[in-house]
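here are the coordinates; sequence isn't available:
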């Protein structure tokens, strides 16, 4: 028996379709309001979709993936070495 993996309700609510009308600022706002766990899950799911998609479909996930990574870096900046 195989188990189908369904997207989480969170991902369905925050899918690319929801961002087409509202634009990049809406995506950034939603990412800022996500918890750490939600942001990680969102990024992993986008990465998996991007890896498994055809080349023509990759572009639509790339914008969201880049923004999710930027939000992660904003929350977790690299520490500067003391000079």
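Perfect, thanks for sending it. Nothing here was measured: the structure is a model prediction, and the numbers come from that model.

pLDDT score for the residue nearest to residue 72 when sequence neighbours are not counted?
Among residues not flanking residue 72 along the chain, residue 39 sits closest, at 6.3 Å (Cβ to Cβ, 6 or more residues apart in numbering). Quick note: C-beta positions are derived from backbone N, CA and C, even for glycine. Listed pLDDT for residue 39 reads 94.

you'd agree residue 39 is up against residue 70?
No: Residue 39 lies out of contact with residue 70 (Cβ atoms under 8 Å); the separation is 11.0 Å.

more neighbours, those two?
residue 39 (18 against 12; other Cβ atoms under 10 Å).

list the contacts for residue 31?
Neighbour list for residue 31: 39, 42, 67, 68, 71 [criterion: Cβ atoms under 8 Å, 6 or more residues apart in numbering].

helix/strand/coil for it?
Classification of residue 31 using DSSP: H, G, I helix; E, B strand; the rest coil returns helix.

buried sites along the top helix by length along the chain?
Once the chain is assigned using DSSP state H, the helix that runs over the most residues is helix 55-75. Across helix 55-75, burial judged by 16 or more other Cβ atoms under 10 Å covers 61, 64, 65, 67, 68, 71.
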